[in-house]
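Asks: could you work out the structure for the sequence below:
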Amino acid sequence: MAPLFTVGITATLVAALAPAQASAAEPLNRFGTQKPAWQRCDASQPAALQCATIEVPLDYGRPGGKTIKLAISRMQTSVPGKRHGVILFNPGGPGGEGLDMPVMMKDAMPKKVLEQYDLIGFDPRGVGRSSPVTCGLKGAELNMEHAYRPATFSRDVAWARTVAEKCRARNGDRLPYITTRNTARDMDVIRAVLGEKKLSYLGYSYGTYLGAVYAQMFPQRTDRWVLDSAVDPARVWRGMIQVWAEGTEPAFTRWTKWTAQHDRTYHLGNTPAKVRKTFWNLIARADRSPIDDGGQKLTGDDIRAALRAEFFSPKYAAEAVMNLKKAADGHATPGRSLVPADPQGEPRPAASSTAQTPADNGSAAFWSVVCGDTAAWPHDPEQYRHDAIRNKAEYPVYGDFGSNITPCAFWNKPAEPVTAVNNDVGVLTVQNQWDPQTPLVSGLGMHRALKGSRMVYVQGGEGHGVYSGDPRACANIAVNSYLSTGTLPAKDVTCKVSGRQSPGVNQRIVPAPQHTPQAPRF
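Replies: Sure thing, here's the model as predicted:
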């Protein structure tokens, strides 16, 4: 096994990537020769799901120094004679736990794929059971969404500063190393520990950026690679928060048109202009007198934040606005939540954390990565104020949220530069047209950066995360074909959602245009 690790880490990582140096080769070798002590993960999980803990360097530039624990899992589904290798999963985040991913993906993948792979999950460094970080955040400190208001901006600045200071105080020398680049290095340690020459991968959302960084750092170790609902690597990370506002405006416009066509059901206006006016009147009313949502008072800012993602699925947004308007008019249904459950949620496994996982681990890991990955965050609070005012005017639904101040304004300088993703590794990207978390413009950015990639684009597709267990869905057919054969489509593929069917049902493959599908003007 040592030769696999020597080639994968020493030749590629140590020689090519700052701050690691070639002299670190010998200390690094020992991490690839670990023998995981596999055992059943949990009594509540299938016996076939096994877990183990391995060690990885805290700082790959000093592999002889401190180490951290990395929790990994596996489900051996491959069949002798048909086995191709292992496939690793990441559910997104940053901060998403992945130990349970093999269980989820076993239900989603067809037999012809499962026979070729052992399924591998892991909690990324700093997350879940992998030496979890905490900032000791409680209550309002956990709220990441802050509307810009002149009267409350000083309070937002204080919140951002407090979170940064708490994270620094609680994590000490670990904080600079909870980054995407180091998680990608951890993935290559996992590959070596498993005795594999190459790694196959399926990542959702943030997991697409993690996968792209791995492909950039370890191109010769990248095998069959699927990136579902992609982050634009040129916009990490402030730009990816701002893109939520950019993507919401065309979704909101589409919603006003759809809702006007269904006025008999929702009674919000029979023209797009009337629907728009109804919504903004509701926001103004809620700002004057917050609306009771099952005991919780919602201001206009609360409603804008809650409904941002809903506008990408018009029916859900129309129902929510109708319920909120009824409540404002004094006709609410007692005990009923006015905003429906978010159908856009990021694909995540069932909770795998233990009682030892800090309550704020998801938020702490999120800020650790998005602030620690890149130095491209303004440090002057007035820059955030200026941008929030400007973007609220340009993107009224969410622009001020997307550009307001974050803890990254007060973060320490990153330990190393952000990864520039720009390669020709063969990769399959998958993207819905109406994705609220990684809008189409974001997926197109990833597709452009990965020059050897092919895109499966679901025209009319709604929701965050495309690949699922529906064998009829055209996007799933394309992904499963690639995972089975290793052959990318000859050119980009466009899937169309038929009629009123939900994404993933009755999609059909049509020839893609010679150029990448054009995004709306965000």
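
Asks: may I have the secondary structure class of the residue of the chain most remote from its centre?
Replies: In the chain, the residue that sits farthest from the middle, by CA atoms, centre = their mean, is Gly330; the gap is 38.5 Å. At Gly330 the chain is in coil, as set by DSSP: H, G, I helix; E, B strand; the rest coil.

Asks: can you read off the backbone torsions of the residue lying closest to Ala48 once chain neighbours are set aside?
Replies: Nearest-residue entry for Ala48: Met75, 5.3 Å, with adjacent residues in sequence omitted and distances by CB to CB, 6 or more residues apart in numbering. For every residue, glycine as well, the C-beta is placed using N, CA and C. For Met75, the backbone dihedrals (degrees, to the nearest 10) come out as phi -140, psi 110.

Asks: bridged to Met75, which residues?
Replies: Leu119 (DSSP bridges).

Asks: how about it, what does it touch?
Replies: Neighbour list for Met75: Pro46, Ala48, Leu49, Gln50, Pro102, Val103, Lys106, Asp118, Leu119 [criterion: CB atoms under 8 Å, 6 or more residues apart in numbering].

Asks: for Gly295, give me the pLDDT.
Replies: Per-residue confidence (pLDDT) for Gly295: 81.

Asks: and for it, the neighbour number?
Replies: Neighbours of Gly295 under the rule other CB atoms under 10 Å: 7.

Asks: ok, now which ones touch it?
Replies: By CB under 8 Å, 6+ apart, Gly295 has no neighbours at all.

Asks: now do it against Ala327, distance only.
Replies: Gly295 sits 12 Å away from Ala327, going by CB to CB, to the nearest Å.

Asks: what do these two both touch?
Replies: Common contact partners of Gly295 and Ala327 (CB under 8 Å, 6+ apart): none.

Asks: so what does the lengthiest helix in the chain touch, helix or strand wise?
Replies: For the chain, the helix that runs over the most residues, judged by DSSP state H, is helix 238-261. Under the contact definition 3 or more CB pairs under 8 Å, 6 or more residues apart in numbering; DSSP states H and E, helix 238-261 sits against helix 272-288, helix 314-328, helix 399-403, helix 440-449.

Asks: show me where the stretch 101-250 of the chain has its helices.
Replies: Ranges of helices within the stretch 101-250 of the chain are 101-108, 111-114, 153-171, 180-193, 206-217, 238-261, based on DSSP state H, counting those that start in this stretch.

Asks: the stretch 351-500 of the chain too?
Replies: Under the criterion DSSP H, counting those that start in this stretch, the stretch 351-500 of the chain contains helices at 361-372, 381-394, 399-403, 440-449, 474-485.

Asks: so Ala48 lies in a strand, does it not?
Replies: No - according to three-state DSSP, Ala48 belongs to no strand; its state is coil.

Asks: would you mind stating the distance between it and Asp123?
Replies: When Ala48 is compared with Asp123 (using CB to CB), they lie 19 Å apart.

Asks: neighbour-wise, which of those two wins?
Replies: Applying other CB under 10 Å to Ala48 and Asp123 shows that Asp123 carries more neighbours, namely 30 against 15.

Asks: number of residues surrounding the residue nearest to the more buried one when sequence neighbours are not counted?
Replies: With CB to CB, 6+ apart as the criterion, Asp123 has its nearest non-adjacent residue at 4.1 Å, and that residue is Ser130. Ser130: 26 surrounding residues under other CB under 10 Å.

Asks: so how far is Tyr117 from Ser130?
Replies: Ser130 is 22 Å from Tyr117, by CB to CB.

Asks: so which of the helices of the stretch 101-250 of the chain gets nearest Leu58?
Replies: With CB to CB as the criterion, Leu58 lies closest to helix 180-193 of the helices of the stretch 101-250 of the chain, at 8.4 Å.

Asks: which neighbouring elements make contact with the closest one?
Replies: Short answer (3+ CB pairs under 8 Å, 6+ apart): helix 180-193 packs on helix 2-5, helix 25-32, strand 50-57, strand 67-76, strand 85-90, strand 117-122, strand 199-204, helix 206-217.

Asks: rebuild the ones you listed as JSON lines, extending it with mean pLDDT.
Replies: Converted to JSON lines, those look like this (pLDDT from 0 to 100):
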{"stretch": "helix 2-5", "mean pLDDT": "37"}
{"stretch": "helix 25-32", "mean pLDDT": "83"}
{"stretch": "strand 50-57", "mean pLDDT": "98"}
{"stretch": "strand 67-76", "mean pLDDT": "98"}
{"stretch": "strand 85-90", "mean pLDDT": "98"}
{"stretch": "strand 117-122", "mean pLDDT": "98"}
{"stretch": "strand 199-204", "mean pLDDT": "98"}
{"stretch": "helix 206-217", "mean pLDDT": "98"}
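
Asks: need the winner for burial among those.
Replies: Neighbour counts (mean count of other CB atoms under 10 Å) averaged over each of the helices and strands packed on helix 180-193 peak at helix 206-217, with a mean of 28.

Asks: so, low pLDDT: which residues of the stretch 301-450 of the chain?
Replies: Counting by pLDDT under 70, the stretch 301-450 of the chain contains low-confidence residues at 333-355.

Asks: tell me which stretches of the stretch 401-522 of the chain form strands.
Replies: Counting by DSSP state E, counting those that start in this stretch, the stretch 401-522 of the chain has strands at residues 428-434, 454-462, 493-496, 508-511.

Asks: average pLDDT for the third one?
Replies: Spelled out, it's strand 493-496. Confidence over strand 493-496 (mean pLDDT, whole number) is 96.

Asks: note down every partner strand of that strand and its orientation.
Replies: Strand pairing for strand 493-496, using DSSP bridges, gives strand 454-462 (parallel), strand 508-511 (antiparallel).

Asks: can you give me the angle the longest one makes with helix 238-261?
Replies: This points to strand 454-462. Angle of strand 454-462 versus helix 238-261, following axes from the mean of the first three to the mean of the last three CA atoms, to 10 degrees, is 40 degrees.

Asks: circling back: report the two of the contacts of Met75 separated the most.
Replies: Longest distance between any two of the contacts of Met75 is 14.4 Å, between Pro46 and Asp118; criterion CB to CB.

Asks: closest one of the contacts of Met75 to Val369?
Replies: Distance to Val369, by CB to CB, is smallest for Pro102 among the contacts of Met75, at 23.1 Å.

Asks: what's the average pLDDT for the longest helix of the chain?
Replies: Mean pLDDT, helix 238-261: 98.

Asks: rewinding a little: nearest to Gly32, out of the helices of the stretch 101-250 of the chain?
Replies: Gly32 sits nearest to helix 180-193 of all the helices of the stretch 101-250 of the chain, at 3.4 Å, using CB to CB.

Asks: weakest of the strands paired with strand 493-496 by average pLDDT?
Replies: Mean pLDDT is lowest for strand 508-511 out of those, coming in at a mean of 34.

Asks: tell me how far stretch 304-316 lies from the chain's centre.
Replies: Counting by CA atoms, centre = their mean, to the nearest Å, stretch 304-316 is centred 18 Å from the centre of its parent chain.

Asks: oops, could you answer that again for stretch 224-241 instead?
Replies: Here stretch 224-241 is found 8 Å from its chain centre; the criterion is CA atoms, centre = their mean.

Asks: how long is that stretch end to end?
Replies: In stretch 224-241, first residue to last residue: 29 Å (CA to CA, to the nearest Å).

Asks: repeat that for stretch 61-70.
Replies: Start-to-end span of stretch 61-70 (CA to CA) is 18 Å.

Asks: which other residues reach it?
Replies: Residues from elsewhere that reach stretch 61-70, judged by CB under 8 Å, 6+ apart: 18-21, 24, 27-28, 31, 53-59, 122-123, 125, 129-131, 173-174, 186, 189-190.

Asks: domains in this protein, by residue range?
Replies: Listed domain ranges for the chain are 2-139+172-234, 239-328, 422-511 (source: automatic domain parsing).
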